[in-house]
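Peer 1: need a structure here:
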Amino acid sequence: MTESRNQRLQRVRPVLVLATVAFAIGAILGARHSTPPSYALADQFVSAWAHGEYVKMYSDISPSAQHTTSVSDFAAAYKEALSTATATHARITGKVRGIAGDSVVVPVQVDTRLFGKLSLDFTLKTVQGTATGTRILWSRSLAFPGLRPGEVLSRHTSLPRRATLLARDGSVLAESPPGADPVGAAEATRNSPLGVLAEAVVGTVGPVPAGQASIDRRHELEAQGVPSEASVGLSGLELAYDARLRGTPGGELLAGDRLLAYAAPHAAPPLRTTVSPAIQRAAVSALGGQLGGIIAMKPSTGELLAVAGIGLDGLQPPGSTFKMVTTTGVLSAKLATPHTVFPYATFATLDGVKLSNANGEECGGTLELAFAVSCNSVFSPLGVKLGAARLVATAERFGFNHEPGIPGADESTLPAASEIQGELDVGSTAIGQGQVLATPLQMGTVAATIADGGKRPSLSFLPNQATVGTSVMSESVAHTMRRLMIGVVREGTGTAAAIPGVTVAGKTGTAELKSTAELKSSCPSAASESNSTGTSSPGKEGCQGTENEEANTDAWFAAFAPALHPRIVVCVMLVKDGAGGATAAPVAREVIEAALRSEH
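Peer 2: Now for the predicted structure:
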């Protein structure tokens with residue numbers, strides 16, 4: 001009985017195998033038969049669209065469409081449609097299905113910035129060619145899902161009223177009048193109770209100017225749904241926080257005359273900043289009509305309190321204010337202490353070239369005294385001893401060669417160490433000449449770092465943004481630098497910044513704009529503190545400066561006060577205005593006094 005049953009099973013097994021194979025083949029053939037080529041082609045075409053593979057899509061359209069439309073025009077049509085819709089992402093959301101006639105539908109979802117998630121359909125027709133097989137019968141109405149034959153995608157944008165900028169005390173810095181049209185609006189549509197006093201920090205608004213430099217920003221704005229003629233931030237706070245102030249655009253997405261989607265515009269709430277009206281008034285008033293820049297900040301937080309003139313973007317050689325950087329490097333490397341004594345001299349010779357002190361004056365003594373009187377014959381050789389690598393590394397820890405973190409503010413720079421060749425180059429760089437360029441914002445940041453115990457603050461125009469600062473030097477080196485800067489104001493080149501009853505720490509700078517050889521004057525320097533990198537002429541060190549020489553120097557002063565418990569940092573730069581101690585220091589004193597009187 002068992003044997004007979006086993007024999008029957010052996011005969012049945014081949015039949016079962018053959019049946020299974022036949023079923024599988026039938027299923028495959030049935031699946032092929034149930035999925036028309038047009039379905040597979042439509043799915044392939046729309047999948048390529050979702051991934052931006054326009055060349056692949058182009059290969060799927062009919063020869064007649066390829067004959068009338070180039071691949072570049074084909075791709076441009078899709079890119080333009082996605083930009084119009086402010087699309088950020090697209091995907092197929094369902095299976096291809098057939099509808100009446102020879103058309104198929106592919107459901108998709110398009111994520112957009114303005115209109116949210118759009119659920120739409122691509123409706124595609126195919127054509128069968130004897131040589132080419134099945135192809136998409138293409139027209140420009142297929143540039144975006146949801147379009148019907150002959151329709152073109154367009155958008156009408158509505159922008160909300162631009163948000164109001166507030167000072168740290170809640171008062172208005174800039175606002176748009178009621179009913180102002182954000183599209184095509186002129187600069188005059190932003191009003192400020194501070195008037196011209198606010199312009200340097202608030203900045204301007206208007207359409208993005210034409211030109212190659214503005215193309216990227218124009219494209220970025222258009223992708224966000226902002227029309228090219230819209231009024232946007234061009235400088236200052238208006239630029240720095242443009243996206244926040246613009247609010248959320250709205251509008252209509254149209255397929256021909258049909259409404260595909262709608263979004264209401266939403267205005268942003270007022271934006272409170274760190275700007276102090278009292279300090280802003282003082283900075284602009286102190287600068288007057290002089291070409292230059294002033295910044296004021298809180299050293300502990302990096303909050304910017306005021307900006308006047310070209311405080312954020314005025315790149316100039318920083319002169320002897322850069323000695324704050326050089327001295328930090330020297331102290332950190334333990335190459336000298338405040339009590340280290342240097343020989344008195346009227347110049348230093350580097351690579352056979354004399355770098356003179358001011359008017360050939362003789363200076364030297366301790367590092368503390370040399371810093372107070374800004375002695376080039378001490379600090380140029382010290383820079384050489386420190387070396388280009390350590391000098392550049394120190395400067396970069398202070399923020400040189402890095403974006404300052406404030407949109408619209410220029411990056412302060414110096415060459416890479418490998419590009420600073422020879423003693424003369426290193427020595428010139430160490431006293432803020434050579435190819436060093438800095439803004440008042442940068443040199444104010446250097447002073448703020450010292451004031452805050454060696455931590456470089458993150459700069460911001462918004463309150464409560466303080467983060468842990470970047471370590472630049474040890475706390476002990478910062479305290480030593482503070483002591484040296486106090487000496488500058490007490491008995492050195494910065495006595496004009498002294499305030500009765502307040503200890504002020506500062507550093508002057510007098511940056512030469514042309515080499516001595518370029519000047520028509522016979523004197524090598526005009527300033528009470530010189531950074532001349534030219535060759536000194538024998539017998540001329542004692543001659544008097546001329547008006548031409550004074551116009552050859554930028555005046556700088558960077559300071560903080562009260563020195564032991566700093567509340568305010570101020571940096572002043574005056575273009576072609578003589579010596580820092582004579583002209584920039586008194587201007588800084590005005591701003592410091594106003595800041596100490598105010599509740600910032």
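
Peer 1: next one: phi and psi at residue 37?
Peer 2: Main-chain torsions, residue 37, degrees, to the nearest 10: phi -60, psi -30.

Peer 1: where's the closest residue to it other than its chain neighbours relative to residue 121, distance?
Peer 2: In space, and not counting its chain neighbours, residue 37 is closest to residue 134: 4.4 Å by Cβ to Cβ, 6 or more residues apart in numbering. Every residue, glycine included, has its C-beta placed from N, CA and C. Distance of residue 134 to residue 121, given as Cβ to Cβ, to the nearest Å: 20 Å.

Peer 1: List the residues that contact residue 103.
Peer 2: 123, 124, 125 (Cβ atoms under 8 Å, 6 or more residues apart in numbering).

Peer 1: Filter the residues you listed down to just the ones in strands.
Peer 2: Those of these mapping onto strands are 123, 124, 125, per DSSP state E.

Peer 1: Can you tell me which of those is closest to residue 382?
Peer 2: The shortest approach to residue 382 among the ones in strands among the contacts of residue 103 belongs to residue 124, at 75.4 Å (Cβ to Cβ).

Peer 1: Could you verify my assumption that the closest one touches residue 108?
Peer 2: No - counting by Cβ atoms under 8 Å, residue 124 stays clear of residue 108, with 11.6 Å between them.

Peer 1: Need the overlap of contacts for those two.
Peer 2: Between them, residue 124 and residue 108 share the contacting residues residue 46, judged by Cβ under 8 Å, 6+ apart.

Peer 1: can you pull out the strands in the stretch 251-400 of the chain?
Peer 2: All strands of the stretch 251-400 of the chain, identified by DSSP state E, counting those that start in this stretch, fall at 258-263, 271-272, 292-297, 304-309, 341-345, 347-350, 353-356, 363-366.

Peer 1: Go ahead and flag the most central residue of the protein.
Peer 2: residue 407 (4.1 Å; Cα atoms, centre = their mean).

Peer 1: ok, residues contacting stretch 423-431?
Peer 2: 319-320, 322-323, 326, 348, 350-351, 353, 355, 376, 379-384, 386-388, 391, 414-415, 420, 434-436, 531, 533.

Peer 1: pLDDT weak spots in the stretch 401-550 of the chain?
Peer 2: 466, 515-550 (pLDDT under 70).

Peer 1: Repeat the analysis, applying 90 as the threshold.
Peer 2: 405-408, 464-470, 513-550 (pLDDT under 90).

Peer 1: hey, where'd the helices end up in it?
Peer 2: Listed in chain order, the helices of the stretch 401-550 of the chain (DSSP state H, counting those that start in this stretch) span 422-430, 440-451, 475-491, 547-550.

Peer 1: and residue 132, what is it in contact with?
Peer 2: 62, 63.

Peer 1: Ramachandran coordinates for it?
Peer 2: According to degrees, to the nearest 10, residue 132 has phi -100, psi -10.

Peer 1: Quickly note the distance from it to residue 244.
Peer 2: Counting by Cβ to Cβ - residue 132 and residue 244 are separated by 53 Å.

Peer 1: swap in residue 226?
Peer 2: For residue 226 relative to residue 244 (Cβ to Cβ), the value is 13 Å.

Peer 1: So these two - more neighbours on which side?
Peer 2: Applying other Cβ atoms under 10 Å to residue 226 and residue 244 shows that residue 226 carries more neighbours, namely 24 against 14.

Peer 1: Highest neighbour count among the contacts of residue 103?
Peer 2: residue 124 (23 neighbours).

Peer 1: Tell me the bridge partners for that one.
Peer 2: residue 104 (DSSP bridges).

Peer 1: quick one: contacts for it?
Peer 2: 38, 42, 45, 46, 103, 104, 105, 106, 136, 137, 142.

Peer 1: Share the number of residues neighbouring the fourth one, please.
Peer 2: Burial measure for residue 46: 25 neighbouring residues, criterion other Cβ under 10 Å.

Peer 1: List the backbone torsions phi and psi for it.
Peer 2: Backbone torsions of residue 46, given as degrees, to the nearest 10, read phi -70, psi -30.

Peer 1: helix or strand for the residue nearest to it when sequence neighbours are not counted, which one?
Peer 2: Counting by Cβ to Cβ, 6+ apart, the nearest residue to residue 46 once its immediate chain neighbours are dropped is residue 106, at 4.4 Å. Assigned by DSSP states H and E, residue 106 belongs to strand 103-112.

Peer 1: and that strand with strand 258-263, angle?
Peer 2: 20 degrees (axes from the mean of the first three to the mean of the last three Cα atoms, to 10 degrees).

Peer 1: distance between the ends of stretch 359-371?
Peer 2: 17 Å (Cα to Cα, to the nearest Å).

Peer 1: Same check on stretch 260-278?
Peer 2: 51 Å.

Peer 1: wait, which of the helices of the stretch 401-550 of the chain is closest to residue 86?
Peer 2: That would be, of these and by Cβ to Cβ, helix 440-451, which comes in at 34.7 Å.

Peer 1: ok so, going back, for the strands of the stretch 251-400 of the chain, could you give me JSON lines that also reports mean pLDDT, distance to residue 480 and mean neighbour count?
Peer 2: Listed next are the strands of the stretch 251-400 of the chain as JSON lines, based on pLDDT from 0 to 100; distance: least, Cβ to Cβ, whole Å; neighbours: other Cβ atoms under 10 Å:
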{"stretch": "strand 258-263", "mean pLDDT": "96", "distance to residue 480": "59", "mean neighbour count": "16"}
{"stretch": "strand 271-272", "mean pLDDT": "97", "distance to residue 480": "38", "mean neighbour count": "18"}
{"stretch": "strand 292-297", "mean pLDDT": "97", "distance to residue 480": "22", "mean neighbour count": "30"}
{"stretch": "strand 304-309", "mean pLDDT": "96", "distance to residue 480": "27", "mean neighbour count": "29"}
{"stretch": "strand 341-345", "mean pLDDT": "97", "distance to residue 480": "16", "mean neighbour count": "15"}
{"stretch": "strand 347-350", "mean pLDDT": "94", "distance to residue 480": "23", "mean neighbour count": "20"}
{"stretch": "strand 353-356", "mean pLDDT": "90", "distance to residue 480": "25", "mean neighbour count": "23"}
{"stretch": "strand 363-366", "mean pLDDT": "97", "distance to residue 480": "12", "mean neighbour count": "18"}
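
Peer 1: Mind checking these for the one nearest to residue 167?
Peer 2: By Cβ to Cβ (comparing all of the strands of the stretch 251-400 of the chain), the closest turns out to be strand 271-272, at 7.7 Å.

Peer 1: Excluding its own residues, what touches that closest one? List them.
Peer 2: 163, 164, 165, 166, 167, 168, 170, 241, 244, 245, 462, 463.

Peer 1: So which of the residues you listed wins on neighbours?
Peer 2: residue 165 (27 neighbours).

Peer 1: picking that back up, now, of the helices of the stretch 401-550 of the chain, which is deepest in the fold?
Peer 2: When the helices of the stretch 401-550 of the chain are scored by mean count of other Cβ atoms under 10 Å, the highest mean neighbour count falls to helix 440-451 (a mean of 29).

Peer 1: Summarise which helices and strands it is packed against.
Peer 2: Packing contacts for helix 440-451, counted by 3 or more Cβ pairs under 8 Å, 6 or more residues apart in numbering; DSSP states H and E, involve strand 292-297, helix 323-332, strand 455-456, helix 475-491, strand 505-512, strand 553-561, strand 568-574.
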